[in-house]
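Engineer: got a sequence here, can you model it:
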Amino acid sequence: MTQTIQSPEEAVALVRAHLRKDIDQTEAAINAMSNDILTVDDVEHRQVFSMAEQRANIEQLKGRLRSLRTALARTDDEEFGWCDECGDAIGVQRLLSVPTTRLCIACARRREDQFART
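Structural biologist: Numbering: from 1, shown residues only. You can find the predicted model right below:
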């Protein structure tokens with residue numbers, strides 16, 4: 001289903017809703033993984049998935065959660081949705097796909113190309 005965005009405010013509201021959903025899902029995943037560590041027998045757990053890997057995954061999810069919360073807080077800033085490098089608008093679809101981004105697609109590609117050359 002494609003949604004027509006009528007105003008910048010609608011775009012920000014849509015991104016906020018997606019961020020809140022991502023935050024809820026990430027929190028649920030962290031809680032589920034944390035509970036698994038606490039409830040699964042050590043021997044059984046080591047056979048399925050090592051504790052170290054599980055903890056690393058939890059830490060990775062916590063990092064994502066911090067990024068999502070930061071992005072959600074930024075939606076209140078009038079600069080949200082504008083590229084930090086060139087000042088152009090970041091497309092709504094890009095913000096929905098990568099809500100933590102601070103770069104438009106052109107600047108992100110330019111950075112990736114520069115990184116690939118180093």
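Engineer: longest helix of the protein?
Structural biologist: For the chain, the helix reaching the highest residue count under DSSP state H is reported as helix 8-39.
Engineer: so which bits of it are buried?
Structural biologist: 11, 12, 15, 16, 18, 19, 22, 23, 26, 30, 33 (16 or more other C-beta atoms under 10 Å). To be clear about C-beta, it is placed using only N, CA and C from the backbone, and glycine gets the same treatment.
Engineer: for stretch 80-91, the distance to its chain's centre please.
Structural biologist: 17 Å (C-alpha atoms, centre = their mean, to the nearest Å).
Engineer: name the helices or strands packed onto the helix or strand containing residue 60?
Structural biologist: Assigned by DSSP states H and E, residue 60 falls within helix 51-74. If you count contacts as 3 or more C-beta pairs under 8 Å, 6 or more residues apart in numbering; DSSP states H and E, helix 51-74 packs onto helix 8-39, helix 42-48.
Engineer: which of those helices comes out lowest on mean pLDDT?
Structural biologist: Among these, helix 42-48 carries the lowest mean pLDDT, at a mean of 58.
Engineer: in contact with residue 100, which residues?
Structural biologist: Residue 100 is in contact with 67, 68, 70, 71, counting by C-beta atoms under 8 Å, 6 or more residues apart in numbering.
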